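Peer 1: Give me coordinates for this.
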Amino acid sequence: GALTKDGPGPCRLFSHLDLARLLAHEQVMNQFAFWVLFVASSLQVEALAFGVSPASVPAIGGTQVSTASPNESFAIVGDAGEWNENTRLVRDSVKRAGISRLVMPGDNLYNPFSTYDAEWKPWKNAGFLFEAVAIGNHNGGADAEAQYFGMPGLSYSQKVGSRIRFIVLDSNSKKNVAEQAQWFEEELKSAQETFVFPIFHHPSLTLTRFHEWTEREKFHKAIRPLILKYRSRITAVLVGHDHLAALYSMDGIPLILSGATHEIRDAERRNETQQGLRLTTQWVFDERPYWVKLAPSSSDRPQEMVAEFVRSNDDARACTVVLKTGQPAQPQANCGAN
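Peer 2: Numbers count the residues shown, from 1 in each chain. Next up is the predicted model:
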């Protein structure tokens, strides 16, 4: 007989998540049930039902103009899609810094049985705004993510006055890479802002033992050459995915990793050549929750942006970095001989 029936209509196929729920509900906690639940949660398998419609959110969403002041500061908070004690520490630290606008390089919902509001309402209730949001491999579906965070598309530009542009890319998609690459190149060509920050979830090179860049090989083979070609227009690349906080140089291009939010992993340093590019670790965190403050420098230094890696439990500025578009990052004395 059929496993389930939705009213008088025809029987529907079970999704992986449906099956996991059924097995858990019936308390059939044998090895098979455990692995079905694990796979469904980890991969966030959506459905095996007939008639599943594709996402309606545009793949390329054009340009969105921010209401932020060009002199306003931002908090880069990645891999934050689960509300727990670490996430609370990060949120409270950002709040104490007087920052309300978040730049989010992906993985914005981990638990497939939860909702965006359940995980992000503590942020919204504290007055936070979602300035620039990239989708990661952990998400609740493209439409739901775009609607909740106010994303005009999965790839889009967010302009802040005439001085700052965030270019958001969807590194999770394997279907529209060529379209994204063409659009990304046009965005870089036309960018007139003083500061330009590409944002996407999966790092361009392998930064830790947990993730290889080849997880999104097609994306990186299309996007990485454009980053190199237009390096003179790029201030820094912002990524997540690895649950660390660190500063890297990718052949002289600043790469800021902000993923030490809901989960903390062991610090790693990579100083090696990958894909013909020199990868250097310039600073790495001390295995505590971190976020990154991004703010314009003083008025007498209009060509400088400052990134500060902030330890959440005590608000310590563990590493301050001066950024100038088209130039290598300049770690300051507090970064140490990392």
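
Peer 1: Could you list the low-pLDDT ranges of the stretch 1-150 of the chain?
Peer 2: Within the stretch 1-150 of the chain, the ranges that satisfy pLDDT under 70 run 1-55, 70.

Peer 1: Need the distance between the two termini of stretch 241-258.
Peer 2: By Cα to Cα, to the nearest Å, the extent of stretch 241-258 from end to end equals 8 Å.

Peer 1: and it, which residues are buried?
Peer 2: Buried positions in stretch 241-258, judged by neighbour count with 16 or more other Cβ atoms under 10 Å: 241-251, 253-258. C-betas here are computed from N, CA, C, even on glycine.

Peer 1: got it, and stretch 275-292?
Peer 2: Neighbour counts over stretch 275-292 (16+ other Cβ under 10 Å) mark 277, 279-285, 288-292 as buried.

Peer 1: Go through these and say which is closest to His262.
Peer 2: Pro289 (8.6 Å; Cβ to Cβ).

Peer 1: I'd like to know how far the closest one sits from Ser232.
Peer 2: Separation of Pro289 from Ser232 (Cβ to Cβ, to the nearest Å): 34 Å.

Peer 1: For Ser204, give its distance to Ala222.
Peer 2: Distance from Ser204 to Ala222, by Cβ to Cβ: 11 Å.

Peer 1: Which of the buried residues of stretch 241-258 fall in strands?
Peer 2: Of those, the ones assigned to strands by DSSP state E are 245-250, 253-258.

Peer 1: Pick out whichever of those residues sits closest to Thr115.
Peer 2: Ser258 (23.7 Å).

Peer 1: just checking, that closest one touches Tyr290?
Peer 2: Yes - at 7.1 Å, Ser258 and Tyr290 qualify as touching, with contact defined as Cβ atoms under 8 Å.

Peer 1: who touches both of those two?
Peer 2: Ala245 (Cβ atoms under 8 Å, 6 or more residues apart in numbering).

Peer 1: which one of Ser204 and Ala222 has more residues nearby?
Peer 2: A direct count of neighbours by other Cβ atoms under 10 Å for Ser204 and Ala222 places Ser204 higher, at 27 against 18.

Peer 1: The more buried one is in what secondary structure piece?
Peer 2: Following DSSP states H and E, there is no helix or strand that holds Ser204.

Peer 1: got the phi/psi numbers for the spatially closest residue to it that is not a sequence neighbour?
Peer 2: Of all residues beyond its chain neighbours, the one nearest Ser204 is Arg224 (5.1 Å), with distances taken as Cβ to Cβ, 6 or more residues apart in numbering. Per-residue torsions, Arg224: phi -60, psi -40 (degrees, to the nearest 10).

Peer 1: ok, Arg224 - how many residues close by?
Peer 2: 19.

Peer 1: try Arg301
Peer 2: Neighbourhood size, Arg301 [other Cβ under 10 Å]: 12.

Peer 1: Where does it sit: helix, strand or coil?
Peer 2: Here Arg301 is recorded as coil under DSSP: H, G, I helix; E, B strand; the rest coil.

Peer 1: do you know how far it is from Ala295?
Peer 2: Separation of Arg301 from Ala295 (Cβ to Cβ): 12 Å.

Peer 1: same question, Lys229
Peer 2: 28 Å.

Peer 1: These two - which one has more neighbours?
Peer 2: Ala295 (15 against 12).

Peer 1: That one touches Met305, doesn't it?
Peer 2: Yes - applying Cβ under 8 Å as the test, Ala295 and Met305 come out as touching, 7.2 Å apart.

Peer 1: quick one: the strands in the stretch 51-200 of the chain?
Peer 2: In the stretch 51-200 of the chain, the strands defined using DSSP state E, counting those that start in this stretch lie at 60-65, 74-76, 101-104, 129-133, 155-160, 164-168, 195-199.

Peer 1: So which of those strands is nearest Tyr148?
Peer 2: From the strands of the stretch 51-200 of the chain, taking Cβ to Cβ, the stretch that ends up closest is strand 129-133, at 8.3 Å.

Peer 1: by how many degrees do the closest one and strand 155-160 diverge?
Peer 2: Strand 129-133 runs at 130 degrees relative to strand 155-160, counting by axes from the mean of the first three to the mean of the last three Cα atoms, to 10 degrees.

Peer 1: So which other helices or strands are in contact with strand 129-133?
Peer 2: Counting contacts by 3 or more Cβ pairs under 8 Å, 6 or more residues apart in numbering; DSSP states H and E, strand 129-133 packs against strand 101-104, helix 142-149, strand 155-160, strand 164-168.
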